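Novice: requesting a structural model of the entry that follows:
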Amino acid sequence: MIVKPALTAAALCFASVAAAQEAYECEWQARADSIVEPWENNTRTFANGDVRLALLDTIEPAAGAFHILVLSPPYDEVGGRQCRTVSMAEGIGFSGADFSSLEASYDPAVGLVFEINVRRFLPDSDSFGGARLTFTLNQATGHIGATLQ
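Specialist: Model (predicted):
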């Protein structure tokens, strides 16, 4: 079966980024055809519609195909929002994400706070494990910080 070599290749990719979740400028992952269907179940707005989150599935790499799309202030000179993806590492997402578990709150010290259940590849054991992704969004600066527990 081809799965084992694929997981081994994924392990090499994940070995140095096991806990490096971060927000990246939108690139190939943020294509509209990557939004998980049905869209109405996998996208939500916050802050009076100024912030939109969507679950993305890029199909590959199979062990890290899920990313969270963040469209938010600040706005650019022509009125467009910033576009970021929250991922495990650049080009590598999570093994899965339960968008229905998404919770949002507001902390005046950091801004919007989002939490969602995700799965990640564990290269040391060639398996997958659950985790809780927390990320913050400061709409004034556009800063997004992420932690995985």
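
Novice: which residues in the protein form strands?
Specialist: Under the criterion DSSP state E, the chain contains strands at 22-25, 43-46, 51-57, 66-75, 81-87, 96-107, 111-122, 127-137, 144-148.

Novice: the first one pairs with which strands, and in what direction?
Specialist: It refers to strand 22-25. Here strand 22-25 has these sheet partners by DSSP bridges: strand 81-87 (antiparallel).

Novice: now the partner strand: how far from the chain's centre is it?
Specialist: Relative to its chain's centre, strand 81-87 lies at 8 Å (C-alpha atoms, centre = their mean, to the nearest Å).

Novice: pLDDT of that strand, averaged?
Specialist: Mean per-residue pLDDT for strand 81-87: 97.

Novice: can you give me the buried ones in it?
Specialist: Under the neighbour-count criterion of 16 or more other C-beta atoms under 10 Å, strand 81-87 has 81-82, 84-87 buried. All C-beta atoms are positioned from the backbone trio N, CA, C, and that covers glycine.

Novice: repeat for stretch 46-66
Specialist: For stretch 46-66, a neighbour-count test (16+ other C-beta under 10 Å) marks 46, 51-58, 61, 63-66 as buried.

Novice: now the end-to-end length of it.
Specialist: Taking C-alpha to C-alpha, to the nearest Å as the measure, stretch 46-66 stretches 21 Å from start to finish.

Novice: before we move on, what about stretch 72-79?
Specialist: With C-alpha to C-alpha applied, stretch 72-79 spans 11 Å between its terminal residues.

Novice: return the set of buried residues in it.
Specialist: Of all the residues in stretch 72-79, those buried under the rule 16+ other C-beta under 10 Å are 72-73.

Novice: same question for stretch 92-108.
Specialist: 92-97, 99, 102.

Novice: cool, stretch 105-121 as well?
Specialist: 111-114, 116-121.

Novice: possible to save the residues you listed as CSV with distance to S34?
Specialist: Listed next are these as CSV, based on distance: C-beta to C-beta, whole Å:
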residue, distance to S34
G111, 26
L112, 23
V113, 25
F114, 19
I116, 17
N117, 20
V118, 16
R119, 18
R120, 19
F121, 19
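
Novice: going by distance to A140, which of these wins?
Specialist: Nearest to A140, judged by C-beta to C-beta, of these is G111 at 7.7 Å.

Novice: noted, bye for now.
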